[in-house]
Every structure is written in C-alpha cells, then in structure tokens.
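1. quick one, what's the 3D model for this:
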Amino acid sequence: MKTDDGKEFAAKHWFDGFSCVHRFEIDFDAGSPHVTYTSRRTVDEMLEAVRKTGKLNSITFAAQRDPCDSFFQKVMSIFKPKPNIHNIGVTLSVNMPGGGSVKNGQKQVAATNGHTNGIETLHVKTDAYDMKNIDPVTLEPKGVTTQTKLHPDLKGPLSAAHAKTDPDTGDLFNYNLEMGRQSTYRVFCISASTGETRILAAFPGKPAYLHSLLLTSNHVILCVWNSHIKWGGISILYESNILDAIAPFDPNSKATWYVVDRTGKGLVATYESDPFFSFHSINAWEEPSASDPSKTDILCELSLYDSTDVVHRFYYDNLMSLHSDSKKYAGKKRMPHLPSQAQFRLPSVNAGVSSPKPLPAELVFKADKLISMELPIINPAYLTRKHRYVYGVADRLKSTYFDGIVKFDNVTQTSTFWETEAHTPGEPIFVADPEGTKEDDGVLLTVVLDGFKEKSYLLVLDARDLSELGRADMQGPMSFGFHGTHKATGRNYTGDV
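-> This is a model prediction of the structure:
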C-alpha cells in the first residue's frame, strides 16, 4: 500500500498480512446455484497507522525490528507500552459461545439477498487472547474484546486460534497462556447453553507458540510441542514478534502432552514424546486400551513437522522466489520443511497412576510427506470420534506454494489428489451431505487461483473421489488467507475452525 509520503509498504511474512474476511453465499432458491461474493478488510486502524507512519510499531508474528535499533533501544522497548493494532483474522467462529448469540439459537439475521442464514454473531480469532466481533452481513468490524471478559483469570496474552467445539453440545474449549518466571496454562470451557466460562485446569509449563489443541468426548489435550518461547515470554517484547522470540529447535528436548478432564477433575495425565512442531491438530478420540479394555487410550492426529524451520519458509521472498535465500526452499531442498500426517497414542489415560514423571506417548504412524497435507480438515461431525479421512492442501514440490487438494485415508495410508497445473488452491472446507450416511458423503469448497488467467474461482469437489462438481469464476484474484467455516441455513452446528 501507498503511505502518505508516497512510499510503498508491504508485509514481509504471510502471517502478517492485512486481515480480510471473504464471504461466499451459495443460493439455490432460483433453481440453478447463484454465488455472491463479499469481502472486507477488518483492520481499519492498522491501515491508517501504516499509511501515516510507513511502519508497524506493534507486536507482529514475523515483522523484524529495525536493524538500526541498538541493544539499549530494544531492551527499553520492553518497558514501553506497544499499540495494539488488532490484526486479528486467522480463524472464524459462527455463533461463538459467550460471544453474544441467542442461547436458544432461534434468532436469525438477514443475509445480503434478504434471506436468513442463522448467523447471529461472527468472531475472528488469532493466536492471542484478543477476539474481534464483525458484522456477519457487511463484515464491518464491530469491536474487540479479550478472554478476560469471559473469565478474569484468562489474562495471559497467548491462546489457540483453533479453539475446539464439541459437535454435540456446542461447548467451546481453548487454553490461555500467562507467561512469566513460572508460566501458567489455563484450559477452559465456554458453555453453549449458558455462555459461562469454567477453568478446567491450571498448571505450569514451558511457554510455547501453540496454534491448536485437541478434544475428545471426555478430555482436552494440550500438546506443548517444541516451539518454546525464550526468557519466559519476555523475548516477545524484546523482539516485537513471535517468530524471533521462539527458541532454536532443540532435538534433545521432549514434546509434553497434558490431558485435562472435561468434568472438573483437572489435569489427569501427562505424556512425553520425541520433539516436533505443528500448526494444526486434526482430531482426537478415545478407545479401549488393547492391553486392558477397562482402561482408555486417546488417539491424537495432527500435521507434524520435524522442526520449526517451516515458519521461515512463509516469508514472501521465499514463497515468490524473490531473494537468493529462497533457493533453500526450492525443489527437493524443501523436503525437510514439509509436514507428515501423524498419529500418537496416549495409553491408559484413566489408569490412575500418580507419577511426577510423564508417561511415554506412542507414535502410531508418520506418513510420507508427499502424501500428507497442511490446513487439514475432516467431516466436522466426526470431531471427538474415530475418523478415516482427512482433507487438506498438498505440497509435492511442484511449485513454491501449494499444488493440489489431497484426501488422506487413515486405514490404507494412501492419498487421492485433485490438481491442475498452475492452479493453486486454498484450504478446503468440508460441507456434509445432510442426507449422507458415510463419512465422506459431502463436498469440499476451496478457492483456487488460476495462475494463467490470474483470477480465482470457488471450486466444488466431491469429497468421495475429489472429482469436480462445479466452479464459480471470480472477476479477479482473491488473496490467500488461512481458515474458513461453513454455515448451512437452518443447521445448528457450525463448528469452530
């Protein structure tokens, strides 16, 4: 964008772009489907600040400090308040518990075409305790709040962009991290029926950048993987960004898995595994232990990285091959930075063994990188239940970004792909067939950039075999974002992504 002094300002990292919400409405009332597209940037204050000053003075994800800043200036900045520009726009929550929606779920708001869509409130979230309320029709920002409004103890600055919603009750689960000499994780639940927030457990742990967590029918699982933040969190203030505040990946450390009981028993088990990094958990479920059916094992699935180096890949210079350093991510050199589908088993979680030493988490499988994915999603009805299929975007080294849509089968550990040369897809969203009887009865919605025409289109794929069912062409390109959600008219469950 142009600043007031005529200079150009551009974000340097994908995670620091100007937040924007995109809305597609698919209307079948006229017979043939009609698609309406709306979008709006939701960071008016941030745009104005950048336009006037030509820079960002707040904490970002990866925007680096001015190299001319001295050590003294950086240290002193720790003690100065930093403006919050509320660049919030990673995940969306429809009718979020505690967010002001009507408890009985009957109120509906008018959509742009005059129809009702069942969306009372719409919130955007990021990896912090801030949340932004936006108008579900106009997409205009309405206000910003923090998790302290949900519960006064949720005062830590970090949280998961990917809260988890129980598909049956609608209750929402997340964590809050308060950093300091002894950092404290607080796992909490927001009731969909009452809007009240309960702290399920509070425990000390190494502060880390955690983008997501896991949920079963009886437990919340918080895995503190190996993206630890230096100096008890002070490094975020010193560096003014998250990426540089993360300690170098330590291959000799362990990932720690905390299991919290949902009914109020608190932290009930702790496990350890070999170190790894992850953005996205996929699903977790409970099943009888093979060694003792009276005990319960928890299976956890996520997209796993061998280190935190992948975060550096998403600088725009690397994605667009604009700098000589981007060569380290070209072709097969990028293999170490690709994710693997992985499952872990947390055995005998209800064994009642009280031990100060964490139990071992067992790696069930780790799939080949070239059949794995990022931005993974499943049929939302299978959250907290054993599932078979996972969908996401594929990276098989055919471009510098993503090169296809993939369907991974947990049983056969094989993948099916949709791909078109020079067409780059974004995150797929699963829309279940309301009359379907199988897990993959439904469609996938994804926005794809046609690299030849330099225009985007909304693509509809059959979730069973990834065959194309239709597309809606757009008049220009749509920027690549992160995550979305789907709300069908008249359906109560919307999920939290």
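2. switch to C-alpha atoms for all contacts and neighbour counts from now on
-> Fine.
3. hang on, residue 460 packs against residue 468?
-> Yes: assessed by CA atoms under 8 Å, residue 460 is found in contact with residue 468 at 6.1 Å.
4. ok, these two, which is more surrounded?
-> residue 460 (21 against 14; other CA atoms under 10 Å).
5. which residues does the more buried one bridge with?
-> residue 445, residue 470 (DSSP bridges).
6. for it, give me its contacts.
-> By CA atoms under 8 Å, 6 or more residues apart in numbering, the residues touching residue 460 are 443, 444, 445, 446, 468, 469, 470, 471.
7. shouldn't the fifth one be in contact with residue 445?
-> What it means is residue 468. No: taking contacts as CA under 8 Å, residue 468 lies outside contact range of residue 445: 10.4 Å.
8. got any residues that touch both of the two?
-> In contact with both residue 468 and residue 445: 459, 460, 461, using CA under 8 Å, 6+ apart.
9. the second one and residue 209, how far apart?
-> Yep, that's residue 460 we're talking about. 34 Å (CA to CA, to the nearest Å).
10. where do the helices sit along the protein?
-> In the chain, the helices defined using DSSP state H lie at 44-53, 71-77, 234-239, 242-245, 310-313, 316-319.
11. quick one: the residue lying closest to residue 170 once chain neighbours are set aside and residue 9, what's the gap?
-> Spatial nearest neighbour of residue 170, excluding adjacent residues (CA to CA, 6 or more residues apart in numbering): residue 192 at 5.4 Å. As defined by CA to CA, residue 192 lies at a distance of 42 Å from residue 9.
12. and the two? which has more neighbours close in?
-> Per other CA under 10 Å, whichever of residue 192 and residue 9 has more neighbours is residue 192, with 24 against 15.
13. and that one, what pLDDT?
-> pLDDT for residue 192: 94.
14. show the contacting residues for it.
-> Applying CA under 8 Å, 6+ apart, one finds that residue 192 lies in contact with 96, 97, 98, 103, 169, 170, 171, 172.
15. packing partners for the longest strand along the chain?
-> When the chain is parsed with DSSP state E, its longest strand is strand 277-288. On a contact count with 3 or more CA pairs under 8 Å, 6 or more residues apart in numbering; DSSP states H and E, strand 277-288 meets strand 214-215, strand 296-305, strand 374-377.
16. quick one, which of those strands gets closest to residue 204.
-> Nearest to residue 204, of all the helices and strands packed on strand 277-288, is strand 214-215, at 18.6 Å by CA to CA.
17. partner strands of the closest one, parallel or antiparallel?
-> strand 219-224 (antiparallel).
18. against residue 485, how distant is the closest residue to residue 185 other than its chain neighbours?
-> Spatial nearest neighbour of residue 185, chain neighbours left out: residue 177 (4.7 Å); criterion: CA to CA, 6+ apart. Here the criterion is CA to CA. By it, residue 177 lies 26 Å from residue 485.
19. repeat for residue 182
-> 36 Å.
20. so the two - more neighbours on which side?
-> Per other CA under 10 Å, whichever of residue 182 and residue 485 has more neighbours is residue 485, with 18 against 12.
21. dump the helices and strands packed on strand 277-288 to JSON lines, plus distance to residue 88 and mean pLDDT.
-> Formatted as JSON lines, those follow (distance: least, CA to CA, whole Å; pLDDT from 0 to 100):
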{"stretch": "strand 214-215", "distance to residue 88": "22", "mean pLDDT": "98"}
{"stretch": "strand 296-305", "distance to residue 88": "23", "mean pLDDT": "97"}
{"stretch": "strand 374-377", "distance to residue 88": "18", "mean pLDDT": "96"}
